[in-house]
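K.L.:
Could you look at this predicted model? Sequence included:
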Amino acid sequence: MALSGQKNFHPVPDSHRVFAVDLARFQEEVLEASRQRRVLVDFWAAWCSPCLAIAPHLERAVRENPQPLWLAKLEVDEGENMRLAGHYRVRGFPTLILFSGGEEQKRCSGSRSFHGIRDWLSSP
């Protein structure tokens, strides 16, 4: 079951590690959490067709990743979430940013296949 549309879902180790995040919880649930495990943030919008197309591939890549990985879904048009997109200089959707150790490690933009996401995640 995809959890990307649920609000107030908090990841736990036995879950699919996919959760919604917003501006208020970003510091704790992404930046601080990334000090313990890698967190991939999906900056997406409900009106964005490529965002909707990539979603199942992202969730599968997280489930099948050999290293612990969580997926934070940030809907840029909800609340004040666009402020985060501006802070991270997100210019198009979807944009994926991988956080580890409280910092951005790498990013990519645009729709990708499952294999493309998997390969991107495993590259240095």
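P.N.:
On my side now, so go ahead. As the structure is a computational prediction, the values presented were derived from the model and not from experiment. Residues are numbered from 1 along each chain as shown.
K.L.:
what's the pLDDT at the nearest residue to Val76 once chain neighbours are set aside?
P.N.:
Ranked by C-beta to C-beta, 6 or more residues apart in numbering and with sequence neighbours excluded, the top spatial neighbour of Val76 is Ala85, at 4.8 Å. Quick note: C-beta positions are derived from backbone N, CA and C, even for glycine. Looking at Ala85, its pLDDT reads 97.
K.L.:
ok, the residue nearest in space to the middle of the chain to Pro56 distance?
P.N.:
Nearest to the geometric centre of the chain sits Val41, at 2.3 Å (C-alpha atoms, centre = their mean). Here the criterion is C-beta to C-beta, to the nearest Å. By it, Val41 lies 17 Å from Pro56.
K.L.:
list the buried ones in the longest helix seen in the chain?
P.N.:
In the chain, with assignment by DSSP state H, the single longest helix is helix 49-64. Within helix 49-64, the residues scored as buried using 16 or more other C-beta atoms under 10 Å are 50-51, 54-55, 57-59, 61-62.
K.L.:
In TSV, list those residues along with pLDDT and distance to Leu74.
P.N.:
Shown next, in TSV, are the buried residues of helix 49-64 (pLDDT from 0 to 100; distance: C-beta to C-beta, whole Å):
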residue	pLDDT	distance to Leu74
Pro50	97	16
Cys51	97	11
Ile54	97	14
Ala55	96	13
His57	96	17
Leu58	95	12
Glu59	94	15
Ala61	94	17
Val62	93	15
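K.L.:
export those to a markdown table and tack on distance to Gly116?
P.N.:
Converted to a markdown table, the buried residues of helix 49-64 look like this (distance: C-beta to C-beta, whole Å):
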| residue | distance to Gly116 |
| --- | --- |
| Pro50 | 12 |
| Cys51 | 15 |
| Ile54 | 9 |
| Ala55 | 14 |
| His57 | 8 |
| Leu58 | 11 |
| Glu59 | 15 |
| Ala61 | 9 |
| Val62 | 14 |
